[in-house]
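Student: Could you look at this predicted model? Sequence included:
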Amino acid sequence: MKKSLLFIFTVSCMLCCYAQDIKNNPGSNHGNRFEQLGTILPTPNEYRTASGAPGPKYWQQRCDYDIVCELDEPNRKLNGKETLTYFNNSPDILTYLWLQLDENQHSTKNNSGYQGSSFMSKSLTERDLNGMSGVKEKEYGDNILKVTNAAGVAIKYTVNKTMMRIELPQSLKPGQQFVFKIEWNYNIIERTKYGGRGGFEYFSEDGNDLYTMTQWYPRLCVYSDFQGWQNHQFTGSGEFALTFGNFKVSMTVPSDHIVMATGQCQNYPQVLTPVQLTRWQQAQATKDVIEISTLDEAKAKEKQKSTQKKTWIFKADMVRDFAWGSSRKFIWDAMPVYIEGKKVMCMSAYGKEAYNLYRTFSTKAVAHTIKTYSKFTIPYPYPVAQSLEAANGMEYPMICFNFGRCEKDGTYSEGTKNGMLGVVIHEVGHNFFPMIINSDERQWTWMDEGLNSFVEYLSEELWDNKFPVGKGPAYKIIDYMKLPKDQLEPIMTNSENIIQFGPNAYSKPSTGLNILRETIMGRELFDYAFKEYARRWAFKHPTPADLFRTMEDASGEDLDWYWRGWFYGTDACDISLDTVKWANLGTEIADSQKKEDKISSVLVAKPILNSFDDISKIRNREDKNIVFATDADLSLRDFYWRYDRGLAKMDSTPFSITSSTVPYEDFTAEQKIQMAGGKTLYELTFSNRGGLVMPIIIEWTFKDGSKQIDRIPVYVWRKNENKVTKAFLKEKEVASIKLDPLRETADINEANNSWPLVQEPSKFQLFKAKEARARGASAGNNPMQKEIK
């Protein structure tokens, strides 16, 4: 059973990676790119339907955890014991269970053993040297002390690198549950020295640690209908596949620590001071952010360093994981936000190093994220959402760890601020993808990072219309799409096999969804279908096919051509305007003046813009129903909101979109002649040089200065995927033609998009312009500091 499942899965992966090469009509100019995906997608069944919805017999496993642990701060060690209750909801009989031991990533004995190429560098950091030497001052990784059943009888287990197999005393039948216990400990890694997602950061100036406890306990692997056990080793890149369950966690830490964790604290009266408890109660109904643990209190605790202990108890239901942060350095603030009438406590914790940034923005960015993601997906279901500053960027249910610290004088650069806002929105957004819509990160990084980056982009756009978004606008993926084929891989590539990890798993999927929303489907159709996907697969385990099928099923749009090209392929969009023919029509068709231009006109220099408003920014700005966060809450307008950056403005000339009401062919010859008087007929020829089919967007600029846009749906390429000729009748003479004027399709060669031909800036000019923009927005450029001085 196991071998057959793995074989089917392996074949499916191979089909996914090479789907763009599977042609229905090889050697022909049609019948390939628009064919249905067919057998490339898995066969629908009673667990997952052809519509993309869970089937009538859909099932998934569950595991509940009761964990007791203690942070040994002097020795930087964590000791723990846990009781696990595993529910077999599958139709299969299980004889063993697989658990993840992610801390073994740092072990010199039990790490995954995966290695990549390495090269000599002109400069090496301490982390580089530590990684190359492989030598650490102590042994890291999980130390399993005991595994027993509920009665305390030892159970046989096997550790295989970052995975552990528990051999069940007797077969676990469908509908049964199994209770077992594990005792363990491990040395906590210095994350800033050795890397990793969790560990501690040491602050030499005040001699304190900040702990981010992630992937910290042995946890169940996913057993699913489409794969069986997901027990692929953890190498550090492909993240996690996890089972939903209920958690009760008791954490004993130094008594002056503040603990932030997944879920809700059960014993604030026992762990907070009376003043802090009063502030917490006030925060439940506040209109603005309230500090529960203040800056002055955190500074005082940094110096005192209590040796006493306190135990914090948290509970969380229906979550796939549990993480926590602990430090005496934490300042903690909170405010509520209401999602469809339900209160969600938005909170932040951070050291004094990040105070001026996080105190102003973090919790309000958390609230903004929860509200916007709820609008585009499902209402946020959890009672808490938190952002912790930890010089990191990592996500867990109801809690995430982010970066963004101020200068010594409390100022910060615009780059630091925008980076901080971006990472908070992104990591808080992960509550939806994959913490709720629970995809398999180990296999498909893009299903959480790409989808989350897309909704992050939508949220950033709604924070401030001038926010410098990165992952979403089509024109920002062009440099990646231009790369040679041997430096690219399809989005549908296993997480461990990706070379260009950021563009492939984050930016390209996000951009692809934005192109669907703004250019191919339209906002209304896309938003409905995307919300339906989120609704169908909330608290379940979706696969790529479930997303693809749901988007088509809920919208009524055939998108197989798009999945094939953008997700399964590496072709780029390069639509060339090859020829322009025109005829000035009089009262007699025969007297028409006919001309042809093969795009060889005198070159006109194209200016280099320092900024570009993509179509989303323009539409958001024109939508009177949208209120940006920085307009709704004026406290978010800091120095940089007002600071004049001197960026060029985008031409905002209004466009009209043409539409036909009566087919031209329905008129008589006499009517055609009468209609054509004083008009001009244009015939444009386009070629598909990049391979990826896309809609053709044409901007006409007339001699009187007015503009008009025609949008030709992608299906114009159906009968000839390489070349299209299209005729247009215009009432005014055309001065120039430009394809994709708002850069919506990620066209990699804008030099062949215009008539008369426009000279593109040289690579050197583009480099200098990009360098100037980077200097202006870099973290080191701090005009706030200069203003104060």
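Tutor: Cool, the structure landed. All of these numbers come straight from a predicted model, not from anything done at the bench.

Student: only C-alpha atoms for contact and neighbour calcs from this point on.
Tutor: OK.

Student: Send me stretch 481-489 as CSV with only the CA atoms.
Tutor: Output of stretch 481-489 as CSV, limited to C-alpha atoms (Å, rounded to 0.1, in the frame of the first residue of the first chain):
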residue,chain,number,x,y,z
MET,A,481,11.3,35.6,-16.4
LYS,A,482,14.1,36.8,-18.7
LEU,A,483,16.6,34.4,-17.2
PRO,A,484,18.0,31.5,-19.3
LYS,A,485,16.0,28.3,-19.2
ASP,A,486,18.6,26.5,-17.2
GLN,A,487,18.2,28.9,-14.4
LEU,A,488,14.4,28.5,-14.2
GLU,A,489,12.1,25.8,-13.0
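
Student: what's in contact with that stretch?
Tutor: 498-500, 504, 569-572, 748 (C-alpha atoms under 8 Å, 6 or more residues apart in numbering).

Student: Equivalent analysis for stretch 432-449, please.
Tutor: Contacts of stretch 432-449 (C-alpha under 8 Å, 6+ apart): 232, 234, 238-242, 319-320, 373, 377, 380, 396-397, 430, 451-452, 491-495, 504-506, 509, 534, 537-544.

Student: Of those residues, which belong to strands?
Tutor: 319, 396 (DSSP state E).

Student: quick one: D631 from L462, how far?
Tutor: Going from D631 to L462 by C-alpha to C-alpha, to the nearest Å gives 10 Å.

Student: confidence score at the residue positioned nearest the centre of the chain?
Tutor: What sits nearest the mean C-alpha location of the chain, by C-alpha atoms, centre = their mean, is S453, with 2.5 Å. Listed pLDDT for S453 reads 98.

Student: so when I look at R165, I'm seeing a strand, right?
Tutor: Yes: counting by DSSP: H, G, I helix; E, B strand; the rest coil, R165 is located in a strand.

Student: Take the contacts of stretch 481-489 and lay them out in JSON lines including pLDDT.
Tutor: Formatted as JSON lines, the contacts of stretch 481-489 follow (pLDDT from 0 to 100):
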{"residue": "I498", "pLDDT": "92"}
{"residue": "I499", "pLDDT": "90"}
{"residue": "Q500", "pLDDT": "91"}
{"residue": "N504", "pLDDT": "95"}
{"residue": "G569", "pLDDT": "96"}
{"residue": "T570", "pLDDT": "96"}
{"residue": "D571", "pLDDT": "97"}
{"residue": "A572", "pLDDT": "97"}
{"residue": "I748", "pLDDT": "97"}
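
Student: Would you tell me which one of those comes nearest to P756?
Tutor: Nearest to P756 among the contacts of stretch 481-489 is I748, at 19.0 Å by C-alpha to C-alpha.

Student: So what does the closest one look like in phi/psi?
Tutor: phi -80, psi -10 (degrees, to the nearest 10).

Student: which residue ranges form the strands in the stretch 301-450 of the chain?
Tutor: Using DSSP state E, counting those that start in this stretch, the strands of the stretch 301-450 of the chain run over 309-319, 324-327, 331-339, 342-350, 384-389, 394-396, 399-402.

Student: hmm, I was thinking of the stretch 51-200 of the chain
Tutor: 62-72, 77-87, 94-100, 143-149, 157-160, 163-172, 177-187, 199-203.

Student: just checking, what packs against the fourth one?
Tutor: With contacts defined as 3 or more C-alpha pairs under 8 Å, 6 or more residues apart in numbering; DSSP states H and E, strand 143-149 has these neighbours: strand 177-187.

Student: circling back: so can I have JSON lines of the strands of the stretch 51-200 of the chain showing distance to T212, mean neighbour count and mean pLDDT?
Tutor: Below are those laid out as JSON lines (distance: least, C-alpha to C-alpha, whole Å; neighbours: other C-alpha atoms under 10 Å; pLDDT from 0 to 100):
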{"stretch": "strand 62-72", "distance to T212": "12", "mean neighbour count": "20", "mean pLDDT": "98"}
{"stretch": "strand 77-87", "distance to T212": "12", "mean neighbour count": "20", "mean pLDDT": "98"}
{"stretch": "strand 94-100", "distance to T212": "18", "mean neighbour count": "19", "mean pLDDT": "98"}
{"stretch": "strand 143-149", "distance to T212": "19", "mean neighbour count": "17", "mean pLDDT": "98"}
{"stretch": "strand 157-160", "distance to T212": "25", "mean neighbour count": "15", "mean pLDDT": "98"}
{"stretch": "strand 163-172", "distance to T212": "22", "mean neighbour count": "17", "mean pLDDT": "98"}
{"stretch": "strand 177-187", "distance to T212": "13", "mean neighbour count": "19", "mean pLDDT": "98"}
{"stretch": "strand 199-203", "distance to T212": "5", "mean neighbour count": "18", "mean pLDDT": "97"}
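
Student: Just send these back as CSV, with distance to S327 too.
Tutor: Formatted as CSV, the strands of the stretch 51-200 of the chain follow (distance: least, C-alpha to C-alpha, whole Å):
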stretch, distance to S327
strand 62-72, 11
strand 77-87, 14
strand 94-100, 26
strand 143-149, 24
strand 157-160, 32
strand 163-172, 30
strand 177-187, 17
strand 199-203, 10
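
Student: Of the ones you listed, which is nearest P713?
Tutor: Among the strands of the stretch 51-200 of the chain, strand 62-72 sits nearest to P713 (C-alpha to C-alpha), with 45.5 Å.

Student: which helices and strands does the closest one pack with?
Tutor: In terms of contacts (3+ C-alpha pairs under 8 Å, 6+ apart), strand 62-72 is packed against strand 77-87, strand 245-254.

Student: hmm, back to that, for Q284, find the nearest of the strands of the stretch 51-200 of the chain.
Tutor: Nearest of the strands of the stretch 51-200 of the chain (C-alpha to C-alpha): strand 62-72, 27.8 Å.

Student: ok, and the most crowded of the contacts of stretch 481-489?
Tutor: N504 (27 neighbours; other C-alpha atoms under 10 Å).

Student: hang on, it packs against I498?
Tutor: Yes: contact criterion C-alpha atoms under 8 Å: N504 and I498 qualify, at 7.4 Å.

Student: thinking again about what came up before, can the strands of the stretch 301-450 of the chain go into CSV with extra columns for distance to F467, mean pLDDT and mean neighbour count?
Tutor: Converted to CSV, the strands of the stretch 301-450 of the chain look like this (distance: least, C-alpha to C-alpha, whole Å; pLDDT from 0 to 100; neighbours: other C-alpha atoms under 10 Å):
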stretch, distance to F467, mean pLDDT, mean neighbour count
strand 309-319, 32, 98, 20
strand 324-327, 30, 98, 24
strand 331-339, 23, 98, 23
strand 342-350, 22, 98, 24
strand 384-389, 20, 98, 27
strand 394-396, 22, 97, 23
strand 399-402, 19, 98, 28
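
Student: out of those, nearest to G52?
Tutor: strand 309-319 (23.1 Å).

Student: Just give the strands next to the closest one in its sheet, each with its orientation.
Tutor: According to DSSP bridges, strand 309-319 forms sheet pairs with strand 245-254 (antiparallel), strand 264-265 (antiparallel).

Student: any idea of the angle that strand forms with strand 384-389?
Tutor: 120 degrees (axes from the mean of the first three to the mean of the last three C-alpha atoms, to 10 degrees).

Student: begin at 12 from here
Tutor: Sure, I'll start counting at 12 from here, so that last one is strand 320-330.

Student: So what touches strand 320-330?
Tutor: Counting by C-alpha under 8 Å, 6+ apart, 255-266, 270, 272-279, 282, 408, 446-447, 550 sit against strand 320-330.

Student: What part of the chain, helix or strand, is modelled with the least confidence?
Tutor: helix 13-28 (a mean of 39; mean pLDDT, DSSP states H and E).

Student: check contacts around K542.
Tutor: With contact taken as C-alpha under 8 Å, 6+ apart, K542 is in contact with 387-389.

Student: any idea of the pLDDT on it?
Tutor: For K542, pLDDT reads 98.

Student: ok, and for the host helix or strand of it, which residues are buried?
Tutor: Assigned by DSSP states H and E, K542 falls within helix 534-548. In terms of neighbour count (16 or more other C-alpha atoms under 10 Å), helix 534-548 has its buried residues at 536-538, 540-548.

Student: what's the distance between it and the middle of its chain?
Tutor: Here helix 534-548 is found 17 Å from its chain centre; the criterion is C-alpha atoms, centre = their mean, to the nearest Å.
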